[in-house]
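Engineer: Coordinates for the following, if possible.
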Amino acid sequence: MKTGDSETAHEPVWRVLSIFENAIVSSALIAMTAIPILEFTLRRLFGFGIKGSSAIVQQLCLIVGMFGAVLAARHNRMLSLSALGQSLKSSLQAAANAFAGGVAVATTLLLGIGGAQFVQARYAAGNYGVNFVPNWAVPIVLPVGFALIALHLLLNSSREWKSRAVVTGIAAALVAIWLLAPNPSSLVPGALIMLAAATLAGIPVFVSLGGLALILFWGEGTPIASIAVEHFALVTDPLLPTIPLFTLAGYVLAESGAPRRLVRVFQAVLGNFGGSSVLATVLLCAFFTTFTGASGITILAIGGLLMPILQSDGYRERKALGLVTSAGSLGLLFPPCLPLILYAVVAKLSLGDMFLGGLLPGILMVAATALWGLRGRSKKGLSRRNFSRSEALMALWDAKWELMLPLVALVSLLYAPTVAAAAFTALYAILVESFIHRDLTLTRGIPRVLAECGLLVGGVLVILGVAQGFATYLNDIDFTARAVELIKPAIHNPLVFLLVLNLWLLVVGCLMDIYSAILIQVPLLVPIGLAYGIDPIHLGIIFLANLEVGYLTPPVGLNLFMSSLRFKKPLAEVTSATLPVAAVLFGAVLLVTYFPWLTTFLPHYFHAN
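Structural biologist: Numbering: from 1, shown residues only. The predicted structure follows:
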């Protein structure tokens, strides 16, 4: 679909709408942070808390998810599986954009209609939920959110109103066919082909998955409200609020002066050690990625600080470029990284076990990257820095609050419920950067960070919600059992299955962003892994480690695009510089795969004790 940004429209109505959307996301995130902390504090001090606080926070998560997706649609930053439509000639590209826009708008409207039917059913039931709030009140964000997303998709389909009129006509025709077709089952094959073509043209992932669920349910005569039911049930999962809260902590750090202070710490503490710049790059990138959710923001936040340091330490530009780009994906296996939490939610695993299982493989990935970096320094032009004890102490003192953030997160996880721990971490980051360092003002800086955090989280959660509808269809037809029946006779040995799995996930990582991969692949792969006797935590870490490498592999490696954008280098040059590190990391993935104790040791040890 053609790029644009509906927020650029100058009409007052769109400005008011934008302010409203931002305010909803920001207010919900603030409430999500405050309520768990207040609940935990009241119960510890006075023995009582906020009635229904968990349910309130889960419902706020639904609001953040839907209106965050609205922000993503407004800024045209929805995740897509393909951008083939943008590579066509101008005349064909215009046609592809109109077609994809029509399919996207029609699908989104139908999802909204399903949401409205769900709300109507709840309204007719006349029941009340927490604190006497009607059961239909919170789910109403589903039809409202999808309606706003459809509006922004329409506005972003083109900058010309004539083209937008064409998109509107296509969408209206598709919705009419949906509502009036006398025999939907006969139209299912054509509808699936149309959806596949629109996916190649660049429709958002949530449209592809939501459209697939709609078409399959349509053919069977199943009410489309069932998709909204599953969406509401999953997005209000008790664990899900940790995703926006931990992500918020990371965004606050990245948008403040923390990157500069932390770079100074590593430069000062490591002194004139020959590999100080490499270790600083690897460890800092892992630190930031852990809290920013492997979203690529690590490269944007600290890449520009690290590149000159590496070059001044004797590294050629190509080597430095490859190291910074690859290090930007490290930290994905460390708690509380967003993909770890998302995998635990989708696979229905213990979050604590996933956190523990990722520690040793994560350290292995960091060590492999550091070793690769340490062996590539040029002796020419090498600059050495003398260690200064006073400078090191000053740098540590200046960054002491940021350095304590992992400790705050860990202690909170040990002594408070998971959602409260995430809220404490987010609040700590806000207090440090707004009141102690004063890098982010409460009137401009924090609202901007809240909106950006909501945008990322909403783009992921809307996919998660509609994907559950598709997963429900697969469960109805017993897809996983059939898949196991097909695969088991062909692959008998679990070790061979793991090799095939790694190769498959490498392909997935080349073609799909990590969030889409988790939501699409995990429900299919977990039952198959169980059939081969593979520990679910081990399978999860293998999955995420492969996708960590996927950040560095074309054509959809997010870090490649971020690095190309940040350093103004051709994508081919960035890819060429990064592939050697990707090969090293894939070797580490194979070690994680065939030495399962790296993953299972810590979870089993803590369970035994």
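Engineer: Could you identify the helix or strand that succeeds the worst-scoring helix or strand of the chain on mean pLDDT?
Structural biologist: For the chain, counting by mean pLDDT, DSSP states H and E, helix 479-490 ranks last in confidence among helices and strands (a mean of 74). Reading on from helix 479-490 to the C-terminus, the next helix or strand found by DSSP states H and E is helix 494-511.
Engineer: For that next one, which helices and strands make contact with it?
Structural biologist: For helix 494-511, the packing partners by 3 or more Cβ pairs under 8 Å, 6 or more residues apart in numbering; DSSP states H and E come out as helix 514-531, helix 536-550, helix 571-594. In this view, the C-beta of every residue, glycine as well, is placed from N, C-alpha and C.
Engineer: quick one, which of these is packed in tightest?
Structural biologist: Among those, ranked by average contacts under mean count of other Cβ atoms under 10 Å, first place goes to helix 536-550 (a mean of 26).
Engineer: That helix to helix 514-531, inter-axis angle?
Structural biologist: 140 degrees (axes from the mean of the first three to the mean of the last three Cα atoms, to 10 degrees).
Engineer: centre of the chain versus the next helix or strand after helix 536-550, how much separation?
Structural biologist: Note on helix 536-550: by DSSP H and E, the next helix or strand toward the C-terminus is helix 558-567. Centroid separation between helix 558-567 and its chain, computed with Cα atoms, centre = their mean, to the nearest Å, is 17 Å.
Engineer: Name the residues of stretch 41-60 that come out as buried.
Structural biologist: 49-50, 53-60 (16 or more other Cβ atoms under 10 Å).
Engineer: same deal with stretch 558-567?
Structural biologist: 558-564, 566-567.
Engineer: Which pair of those residues spans the longest distance?
Structural biologist: Leu558 and Phe567 (14.9 Å; Cβ to Cβ).
Engineer: so where's the stretch 451-600 of the chain uncertain?
Structural biologist: Judged against pLDDT under 70, the low-scoring parts of the stretch 451-600 of the chain cover residues 480, 484, 511, 513, 555-556, 565.
Engineer: make it 90
Structural biologist: 452-453, 456-495, 497, 499-532, 547-575 (pLDDT under 90).
Engineer: May I ask which helix or strand encompasses the closest residue in space to Glu452 that isn't next to it in sequence?
Structural biologist: Closest residue to Glu452 apart from its sequence neighbours, by Cβ to Cβ, 6 or more residues apart in numbering: Tyr251 at 5.8 Å. Tyr251 belongs to helix 242-254 when assigned by DSSP H and E.
Engineer: what is the mean pLDDT for that helix?
Structural biologist: Per-residue pLDDT over helix 242-254 has a mean of 87.
Engineer: re the thing from before, need the helices and strands packed on helix 494-511 in JSON lines with distance to Arg316, can you?
Structural biologist: Putting the helices and strands packed on helix 494-511 into JSON lines (distance: least, Cβ to Cβ, whole Å) gives the following:
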{"stretch": "helix 514-531", "distance to Arg316": "30"}
{"stretch": "helix 536-550", "distance to Arg316": "23"}
{"stretch": "helix 571-594", "distance to Arg316": "10"}
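Engineer: closest one to Ile297 among these?
Structural biologist: helix 514-531 (13.7 Å).
Engineer: how big is the angle separating that closest one from helix 558-567?
Structural biologist: Going by the same axes, to 10 degrees, helix 514-531 makes 160 degrees with helix 558-567.
Engineer: From the contact counts, what lies against helix 514-531?
Structural biologist: helix 205-220, helix 338-347, helix 445-476, helix 479-490, helix 494-511, helix 536-550.
Engineer: So which of those helices is the most surrounded?
Structural biologist: helix 536-550 (a mean of 26).
Engineer: name the helices or strands packed onto that one?
Structural biologist: Checked by 3+ Cβ pairs under 8 Å, 6+ apart, helix 536-550 has helix 338-347, helix 351-374, helix 494-511, helix 514-531, helix 571-594, helix 597-608 packed alongside it.
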